[in-house]
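Q: coordinates only, sequence not included:
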């Protein structure tokens, strides 16, 4: 549980707390977090304000929960990657893991990628994202030192290029669409590492 977050509440019969979070994230992605009001949320859900506040304290709490879901998933994928024995396996694991998080938690990651840093919650989330990026860049440097990735590339630029491709998934991937998420992970991995592979 993040600092300041409260224990999950049960919610009123007929209205699941998860539905409130989901509707909030949908609205934030559709019209922007700052432009979304509590009235927008109650209108989307068909709830009164008092009923909404039975589930969550505020729209800020919805944002915090959604961002924690996205960042927590990415940070866990990175932790899994760091447990691998070689630079090659670490890099492959974080690429696969990041794509998995994006396909499994697409609305939450979309929200993360669109943050502007206009509040303390957003600023804290962006700081965590920057730490994630720095650690992945370090993994890229390790892969270069082991000869997996071309040494003539800047590690930071290479990392941004890979994650630019991965992050674009949120714009077109659909869970009910024709693209298999497992196959997508492997195809992105092949394209990313194939283009960066050291020439022998």
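A: Nice, I can see it. Predicted model only: the values in this text are computed from it and were never measured.

Q: can you pull out the helices in the chain?
A: Counting by DSSP state H, one finds helices in the chain at the ranges 17-31, 38-45, 49-55, 59-82, 87-104, 106-113, 120-145, 155-167, 169-172, 181-196.

Q: just put those helices in a markdown table and tack on mean neighbour count.
A: C-beta here means a position set from N, CA and C on the backbone, and glycine is covered the same way. Output for the helices of the chain, formatted as a markdown table (neighbours: other C-beta atoms under 10 Å):
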| stretch | mean neighbour count |
| --- | --- |
| helix 17-31 | 19 |
| helix 38-45 | 16 |
| helix 49-55 | 16 |
| helix 59-82 | 19 |
| helix 87-104 | 21 |
| helix 106-113 | 22 |
| helix 120-145 | 17 |
| helix 155-167 | 17 |
| helix 169-172 | 14 |
| helix 181-196 | 15 |
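
Q: measure residue 133 to residue 150 for me?
A: According to C-beta to C-beta, to the nearest Å, residue 133 and residue 150 sit 20 Å apart.

Q: one more: residue 22?
A: 42 Å.

Q: what about residue 149, how many residues nearby?
A: 25 (other C-beta atoms under 10 Å).
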